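*Asks:* sequence and predicted model, in that order:
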Amino acid sequence: MKLDARIPSGPIEQKWDRAKFEMKLVNPANKRKYGVIVVGTGLAGASAAASLGELGYDVDAFCYQDSPRRAHSIAAQGGINAAKNYPNDGDSVFRLFYDTVKGGDFRSREANVYRLAQLSANIIDQCVAQGVPFAREYGGLLANRSFGGAQVSRTFYARGQTGQQLLLGAYQALERQVKDGRVRMFPRHEMLELVVIEGRARGIVTRDLVSGEIEGHAADAVILATGGYGNVFYLSTNAKGCNTTATWRAYKKGAAFANPCFTQIHPTCIPVSGEYQSKLTLMSESLRNDGRIWVPKQRGDTRPPHQISEDERDYYLERIYPAFGNLSPRDIASRAAKRVCDEGRGVGPGGRGVYLDFADVIRRLGRTTITERYGNLFEMYERITGEDPYAVPMRIFPAAHYTMGGLWVDYHLMSTLPGLFVLGEANFSDHGANRLGASALMQGLADGYFVISYTLGHFLAGGKAGDGVTADHPEFRSARRGVEDRLQRLLSLQGNRSVDSFHRELGHWMWEDCGMARNRQGLESALEKIRALREAYWKSVKVTGEEQAINQALEKAGRVADFLELGELICRDALEREESCGAHFREEYQTTEGEALRNDQKFAHVAAWEYAGENAPPIRNVEALEFEYVHLAQRSYK
Amino acid sequence: MQRRKADFPIEGAKSALTSVATTEEAKQTVGFYRSVVGKKVVMAVTGFILFVFIVFHLAANLLIYFPPEANGTRLLNDYAAHLRALPALLWGARVLLLVAVILHIVAAWQLTVLNKLEARTTGYVKYTPIASSYASRTMVWSGPIIFFYVIYHLLDLTFGTLNPSFQSGNVFHNVVADFEHPGVAIFYIFANACLAFHLYHGIWSMCQSVGLAHPRYTPMLKKASVALAIAIGAGFCSIPLAVMTGLVR
Amino acid sequence: MKLILHIWRQKSRESPGKMARYEVSNVNEHMSFLEMLDVLNEELIARNEDPVAFDHDCREGICGSCGFMINGVAHGPQRGTTVCQLHMRHFKEGQALWLEPWRAKAFPVLKDLMVDRSAFDRIIAAGGYISVNTGGAPEANALPVDKQKADLAMDAAQCIGCGACVAACPNASAALFTSAKISHLAHMPQGQPERRRRALSMVARMQAELFGACTNHGECEAVCPKGIELENIARMNREFTKAAWARRDEVAGSGRRRLLPRSFP
């Protein structure tokens, strides 16, 4: 497989302008003759569908939820970065670019990241024009805050619901196109197959989740904006429905899957309370600004926190990282928490938790100040756990949160399959091995509003509209049959284990062996266990109900089947990447102080996995990364 | 390219490249009275007219408590005579009230049909109201009771048709004679209690319907409407009670 | 903890439904309500019965997917909470709970506790947006916004579109939902150009979907998980009334027609 990133030539700050100029255009009168399919209606998908509809393309948009407004972008709390430099504190496009490349531990593509930083300012303009109620200063101008340890204040926010407000803005723009008839919306439709004709992505096969009908949809290009695959861990901060099926189907049809092992763990989530736990809830990272993280020094200490005296406590982040302390980056804080819990010093049920204590700051600043800062978060914590964080320290634990890996895309956001574009979290391009806080929203909207509208036109203008491929084409018919057979097979197994129990087990192995810290032995055993689990799945899973009706068990069964395959690829990728970088921490590759040790000589590249068939191992292709503008350096937070 | 058309009931032309307002779009709006909001505004405005009338009516009725003048006439009867001497005002008010009543009832009827028969066709096995008042949920019953009561009241004390000892022009006598029948008095008390309930929700509600709401004033308004409803109800109910207990004779 | 559940079971949109009784034991007080239903469903699957269908997704109270009536109250007994964030510690040992789907003509039941809320999307499509195409936006700070107005807009914009307001309203009215969007955009200076048109078309759509009329009971506000206030409905009434009285026909170029000669073919 040849990986041509199609990066424009010239100085980095001119690349995007040059690319835009060099791109072919589609005659406005012809745009409606081109059909485009957009799968997923989160920030990337909704903004893409709306923008393409505005341009005049004939768009079909799909989501599995009952409304496009429910995509999981809605749950993003913190904010969105943009290089506006309103606070006059030294931010610039170059600095945002630099921070993102460095934060990604030098495993992202410079040209893409630079474009992202350039477009960030346009996103804020666009969203404000849509009426997004961003936080404001008394003078009426936009407010900014510093986020995730950034040195400048470049984060725009709408209370703790920035993702919700940005998504509603995109959703409203999308509904406007739906009303004008330029976008047809298919809610409660799940993409179950990608259709490739003569080497080009030409459509998808969906299941209508209400009637159960299997339908083919043909188009001139297919855009996947289907989010990440964090639910491979079963417990994650993702929505219950988030899944890999769309990207996994595309992978099996020839799109390369890049860096699947780059999965981000968020350090401040509410810990698991029992076996029944169905998801984990994130608590904003801002809590670490004032809370102190500790565990008992003694292992197996089950006394309630107030009985543990000051000198029996280990404020381990402050101890190990005196400079950054409780504000150490996500991956470092997460790993440290895992380490102390592995030592048997974890707190709460199951010993998988650490204290985040506000007693000191409440004593220092008073309860009122803390209520002003974190009132809503404390309330949320109390609602979920039934404990009052003003009186008892919070318990937190890391949880799977975001996946930097995804389908490989070039500068045009096109995958290795011509005609298949991938936007947002579903692609791999901008965050390298670790994503900075408040950058996910930025990337989703940059891709959807401002990149795809140019690059799609360039692709379509190269071909010809109206070549008569419809959903009756033989390839569609066979794809539909394939999907039906698979569903029938799942329903006919009638085994003795529920889908959830398999998913939970997969998640357990992934978390233990391919979570925050990985090693060869663990990964090799995980590969074995996952393979065995997959075989067991296809023998003994039990799916009730029928195909031609609403069947949530069947929906889940298909998704978990794909996770069982993806899990293996993630472990394989983690095994082959013999270095530690960003969120990928291999225990064999660390400094004497226990910090991540990158191997730029051998691994300054993207690993793009190519599907080679049911019984052959996937092929690892490599796209070398060049760093012309940001010099390779070791991250240090000591 | 042939693709399935999604089922989306908002009509729209797919040809236009820019989003200009079309006549089709203009039709997607709805006339003032044909809208649910417009009907509620009509109910609020007519309700307000009826409310103002009720306040004046109560003020006039309370004249019954004045002791007889030196010449034996009653202030209430004098007032009635003055009113009849101004036929333009009297009939103007009567026409206005009649129109208000009709509009109030027609709009209420239409909204009730929409709400109870079209919008919520299946009820709940279990439903627990947590914020609405008993008064608000029974508007649809207190309204008709008041309507029939008003008809009876007109036939009883305005036209005298149903009042065996009716003396034209002698309001005081008619009222007292009326309420000496305990059945009639109790019916009046019941109907006025319904009126109080109706106002309890109605006074605040009419402000909300025409869009008068503000976090500083709405709580006061709610308290004021409760006070007014109680005062009006108590004022009207006091008359039959006073006659029954012999305070007024 | 053991609970007795009476759940509305309905196979499909067309088929009739009925309440069915289930017992769930092993309910942990730290479970969320939906996790408790997960446990029930696992048991049903083990018994070869059809699991109870209910919409859910984010399970952190923001996507608006979940929601049903618990003992006659939308989203159950805890205020400001969706069912996914409602925890079992609020219920008592042996308590009987009645679970029913949202009931409204505009929200047909699809299966069990799952309803079709696409009417909400169509209300937004009718005008719940600001017509700006991608790309043409002016500099974000070019237009200052009164902080208080921005905060009020945000209060209204927090609506998650779950439908509890409709379910709780004795009239199945969507006034709170519709007014929240009208309010949000009416507070923002960017929303001014389309302000009147928006009020007219969104109210028209709300009505065409057969939602009832608001009669100011206040049930919607009480069950709203995001605390959207009744004041928004008053604002919608005001916006609509002004717009309806000041309305002109929106036929582009209609003024010029008079200039054409009468005999023009």
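*Replies:* Perfect, thanks for sending it.

*Asks:* near chain B, anything from the strand or helix carrying A:Leu168?
*Replies:* Using DSSP states H and E, the element containing A:Leu168 is helix A:162-179. Yes: shown here: helix A:162-179 in contact with chain B (Cβ under 8 Å from any Cβ of the partner chain) through A:176, A:178-179. Heads up, the C-betas are built off the backbone N, CA and C, glycines and all.

*Asks:* what helices or strands is that helix leaning on?
*Replies:* helix A:43-55, strand A:183-186, helix A:440-445, helix C:118-125, helix C:147-157 (3 or more Cβ pairs under 8 Å, 6 or more residues apart in numbering or on different chains; DSSP states H and E).

*Asks:* thinking again about what came up before, in JSON lines: the residues of helix A:162-179 next to chain B, plus pLDDT and neighbour count.
*Replies:* Formatted as JSON lines, those follow (pLDDT from 0 to 100; neighbours: other Cβ atoms under 10 Å in any protein chain shown):
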{"residue": "A:Arg176", "pLDDT": "97", "neighbour count": "25"}
{"residue": "A:Val178", "pLDDT": "97", "neighbour count": "26"}
{"residue": "A:Lys179", "pLDDT": "95", "neighbour count": "26"}
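
*Asks:* wait, B:Lys136 touches C:His217, no?
*Replies:* Not Lys; residue B:136 is Ser. Yes: the pair B:Ser136 / C:His217 is scored as a contact, 4.9 Å apart, by Cβ atoms under 8 Å.

*Asks:* so how far is stretch C:124-144 off the chain centroid?
*Replies:* Distance of stretch C:124-144 from the chain centroid (Cα atoms, centre = their mean, to the nearest Å) equals 23 Å.

*Asks:* buried ones in it?
*Replies:* By neighbour count with 16 or more other Cβ atoms under 10 Å in any protein chain shown, stretch C:124-144 contains the buried residues C:124-134, C:137, C:140-141.

*Asks:* now, those residues that are in strands?
*Replies:* Residues of the buried residues of stretch C:124-144 located in strands (DSSP state E): none.

*Asks:* now for the residue of the stretch 1-150 of chain A at minimum distance from chain C, how many residues are close by?
*Replies:* Nearest to chain C in the stretch 1-150 of chain A, going by Cβ to the nearest Cβ, is A:Gly140, at a distance of 2.7 Å. The tally of other residues near A:Gly140 (other Cβ atoms under 10 Å in any protein chain shown) stands at 15.

*Asks:* mind checking the SS state of the closest residue to it other than its chain neighbours?
*Replies:* Counting by Cβ to Cβ, 6 or more residues apart in numbering or on different chains, C:Pro144 is the residue found nearest to A:Gly140 once chain neighbours are left out, at 2.7 Å. On the three-state scheme (DSSP: H, G, I helix; E, B strand; the rest coil), C:Pro144 is labelled coil.

*Asks:* and what of B:Gly183?
*Replies:* Classification of B:Gly183 by three-state DSSP places it in helix.

*Asks:* hang on, the earlier thing: quick one: the residue of the stretch 1-150 of chain A closest to chain C and B:Phe179, what's the gap?
*Replies:* Note on A:Gly140: its distance to B:Phe179, by Cβ to Cβ, to the nearest Å, is 65 Å.
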